[in-house]
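Student: One predicted model, sequence on top.
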Amino acid sequence: MSLEDRELDFVLLAHLVRTQGRHGELIADILTDFPDRFRERTHVWLLPPDGKTAPREAEIERHWLHKGRVVLKFAGVDSISDAALLAGYQVAIPTEQRAPLAEDAVYVSDLVGCHLIDEANSCADLGPVLDVARGTDGALDMLVLNRGNEELLIPFAKAYMVQIDLEKRVLRMRLPAGLTTINSPLSAEERAEQHETSEEDEAGDAL
């Protein structure tokens, strides 16, 4: 089995960002839907950022959550210099080991790369999902797309959902009018109107 084939069989749990502390710890972005499972998943794989070097096995000695991220300490990684060599690596497990889901559920990480089709706007293809911004404190997850040079955020809400076809890499939603322009830069007319409103507010404050 080639390296490319093996990578397709992995599901990502975290992205190692940088060293944290003085004893080999690394802080990582959480990519899993079940961060509480880190206490159960001590045996993981580390995928290199270059995509060419073979994945390596690793053991998680301990972990803790920190400001929406997770800090990981791997066996045999006991210094800042050791940990620095792992920055940029992905923490993964074989796909068959990930937690089972309910019949109508989906891993949000599987949505990355799916093209988002807005059926409320003549089935417009809004492009591929680039990332999923995880919601906290009960907030919805946000699908991250690219609109020109701007980031477009779409709530991953069941009320908007029409169909998820992971095999065809298509996500069909029926989005409310104006949602895809919320994050767009202001037009010249809108900027002028905003400026006029600001001047009126300042005049009112001066009275």
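Tutor: Alright, I've got the coordinates.
Student: And the helices in the protein?
Tutor: For the chain, the helices defined by DSSP state H cover 3-8, 80-84, 188-206.
Student: For the shortest one, output the C-alpha coordinates as CSV.
Tutor: Once side chains and other backbone atoms are set aside, the C-alpha atoms of helix 80-84 remain, and they are given as CSV (Å, rounded to 0.1, in the frame of the first residue of the first chain):
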residue,chain,number,x,y,z
ILE,A,80,11.5,21.9,23.8
SER,A,81,13.9,21.0,21.0
ASP,A,82,12.3,17.5,20.6
ALA,A,83,8.9,19.0,20.5
ALA,A,84,9.8,21.7,18.0
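Student: circling back to that earlier point, weakest of the helices of the chain in terms of mean pLDDT?
Tutor: Lowest mean pLDDT within the helices of the chain: helix 3-8, a mean of 42.
Student: tell me the domain boundaries of this structure?
Tutor: Domains of the chain are assigned by automatic domain parsing as 3-96, 108-181.
Student: For the longest one, what is the distance to the chain centroid?
Tutor: This means domain 3-96. Chain-centre distance of domain 3-96: 16 Å, with CA atoms, centre = their mean, to the nearest Å.
Student: The residue positioned nearest the centre of the chain pairs with what?
Tutor: Residue closest to the mean C-alpha point of the chain, counted by CA atoms, centre = their mean, is V132 at 3.4 Å. Taking DSSP bridges, one obtains L143 as the residues bridged to V132.
Student: again, but for V44
Tutor: With DSSP bridges as the rule, V44 is bridged to A58.
Student: show me what contacts it?
Tutor: L13, E57, A58, E59, I60, V91, A92, I93 (CB atoms under 8 Å, 6 or more residues apart in numbering). (Glycine included, C-beta is placed from N, CA and C.)
Student: Neighbour-wise, which one of those residues leads?
Tutor: V91 (28 neighbours; other CB atoms under 10 Å).
Student: Tell me how many other residues crowd the residue lying closest to it once chain neighbours are set aside.
Tutor: Once flanking residues are discounted, V91 sits nearest to A14: 4.2 Å by CB to CB, 6 or more residues apart in numbering. A14 is flanked by 23 other residues according to other CB under 10 Å.
Student: now swap in A133 and tell me
Tutor: For A133, using other CB under 10 Å, the count is 15.
Student: Just list the residues touching it, thanks.
Tutor: D141, M142, V144, L153.
Student: hey, what's I30 bridged with?
Tutor: A14.
Student: quick one: D131 from V112, how far?
Tutor: Taking CB to CB, to the nearest Å as the measure, D131 falls 6 Å from V112.
Student: Ok, L140 next?
Tutor: With CB to CB as the criterion, L140 and V112 are 17 Å apart.
Student: One more: T180?
Tutor: Applying CB to CB, the value for T180 to V112 is 19 Å.
Student: all strands for the protein, in order.
Tutor: 10-19, 25-30, 43-47, 56-66, 69-74, 90-94, 115-118, 124-128, 131-133, 142-147, 150-155, 161-165, 170-173 (DSSP state E).
Student: I'd like those strands as TSV, with distance to I80 and mean pLDDT appended.
Tutor: Conversion of the strands of the chain to TSV gives the following (distance: least, CB to CB, whole Å; pLDDT from 0 to 100):
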stretch	distance to I80	mean pLDDT
strand 10-19	5	91
strand 25-30	9	94
strand 43-47	17	94
strand 56-66	16	94
strand 69-74	12	95
strand 90-94	19	91
strand 115-118	41	95
strand 124-128	37	93
strand 131-133	29	84
strand 142-147	32	89
strand 150-155	33	90
strand 161-165	42	92
strand 170-173	41	95
